[in-house]
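[1] have a look at this prediction, sequence included:
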Amino acid sequence: MKSNLEEILSLMSEGLGSDEIAKKLGISKHTVKAYMSVIAKKEKNEQK
């Protein structure tokens, strides 16, 4: 089973937006945006 972080990253790669991801996973849009922020920070740190 994928974690929410992995699931959100997968759905983002499919081109889904935060509203669509929230509906698909049954979580709030705010939660999705928080996960997206974590993903962006991880990517930024990996580029250093």
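    Now that the structure is in, tell me what you want to look at.
[2] tell me the contacts of the most centrally placed residue in the chain?
    In the chain, the residue lying closest to the centroid (C-alpha atoms, centre = their mean) is residue 8, at 3.4 Å. Residues near residue 8 by C-beta atoms under 8 Å, 6 or more residues apart in numbering: 21, 25, 32, 35-36, 39. C-beta: built from backbone N, CA, C; applies to glycine.
[3] residue ranges with poor pLDDT in the chain?
    Along the chain, segments meeting pLDDT under 70 span 1.
[4] can you tell me the SS state at residue 6?
    State at residue 6, reduced to three classes by DSSP: H, G, I helix; E, B strand; the rest coil: helix.
[5] the helices in this protein, which residues?
    4-13, 18-25, 29-47 (DSSP state H).
[6] got the buried residues for the shortest one?
    It refers to helix 18-25. 18, 21-22 (16 or more other C-beta atoms under 10 Å).
[7] now, which of the residues you listed sits nearest residue 12?
    Nearest to residue 12, judged by C-beta to C-beta, of the buried residues of helix 18-25 is residue 21 at 7.2 Å.
[8] any idea how far residue 21 lies from residue 47?
    Counting by C-beta to C-beta, to the nearest Å, the gap from residue 21 to residue 47 is 24 Å.
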